[in-house]
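[1] Predicted model and sequence below, questions to follow.
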Amino acid sequence: MGGQHAPESTAILKEDIEINDKSFYKEIIDLNFQHFILMLASLYENIVRLAEILIKKIIVHLPENKPISSPLHSYIDFLNILLDLGYRKKDHISSCLSTHTSFLTKYLSTINMLRNRFIHGYSINLGNDGYNYKITTFDPLNFTKNSADLNIDEFSKNIIAGTKSFMLDLLTSLYKAIKPSHKNIPA
């Protein structure tokens, strides 16, 4: 290179891996899918915590029974009840959740079901129909056994696109929620 350096950039490495063992290949798919679902579930649970801190809602619990997880779909259901009863008013965050209701309703319960199964030791939630890996644990209210959306590639693509859109709107909503009272945000 004669002392010249490449411009600062992100390096992209590409390597093809050949796996001749079907069971090992399926194990890799299962493990990566598990990581994907657990990461998503964690992301959505942290959204609940962040939203609640920013709108200053008090969560009542006994000191020895602190809430372990707050699934986003449960939070949405609870928030809707509070809105219907008039205990809460529509705000930027609830409006954002309403905007993405179709995506969240369709996928959150299945993500939570998969998360719970992974946490309790059921590491395999995928089946194979010869060409495609299909999700075998799903919310029957939103999917049928033969639903094309249960193909792992379609499911993952839809989740990533929906989550990206939701997160962009949520960040805008969170900004709007804290902007008027930016000096009073709890630590």
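    Perfect, thanks for sending it.
[2] For the closest residue to Ala41 other than its chain neighbours, report the pLDDT, please.
    With sequence-adjacent residues excluded and distances taken as Cβ to Cβ, 6 or more residues apart in numbering, Ala41 is closest to Arg115, at 3.8 Å. Bear in mind the C-beta positions are built from the backbone N, C-alpha and C, glycine included. With respect to pLDDT, Arg115 has a value of 92.
[3] and Arg115, that one's in a helix?
    Yes - using DSSP: H, G, I helix; E, B strand; the rest coil, the assignment for Arg115 is a helix.
[4] you'd agree it is up against Ile37?
    Yes - because the distance of 5.8 Å satisfies Cβ atoms under 8 Å, Arg115 is recorded as touching Ile37.
[5] Leaving out the residues flanking it, which one is nearest to the residue nearest to the spatial centre of the chain?
    Geometric centre of the chain, nearest residue: Leu40, 3.3 Å, by Cα atoms, centre = their mean. Sequence neighbours aside, Ile111 is the residue nearest to Leu40 in space, at 5.6 Å (criterion: Cβ to Cβ, 6+ apart).
[6] can you pull the pLDDT of the one you found?
    So Ile111 comes in at 93 (pLDDT).
[7] and it, helix, strand or coil?
    Classification of Ile111 using three-state DSSP returns helix.
[8] can you count the residues close to it?
    Residues lying near Ile111 (other Cβ atoms under 10 Å) number 25.
[9] Now for it: which residues touch it?
    By Cβ atoms under 8 Å, 6 or more residues apart in numbering, the contact list for Ile111 reads 37, 40-41, 44, 159.
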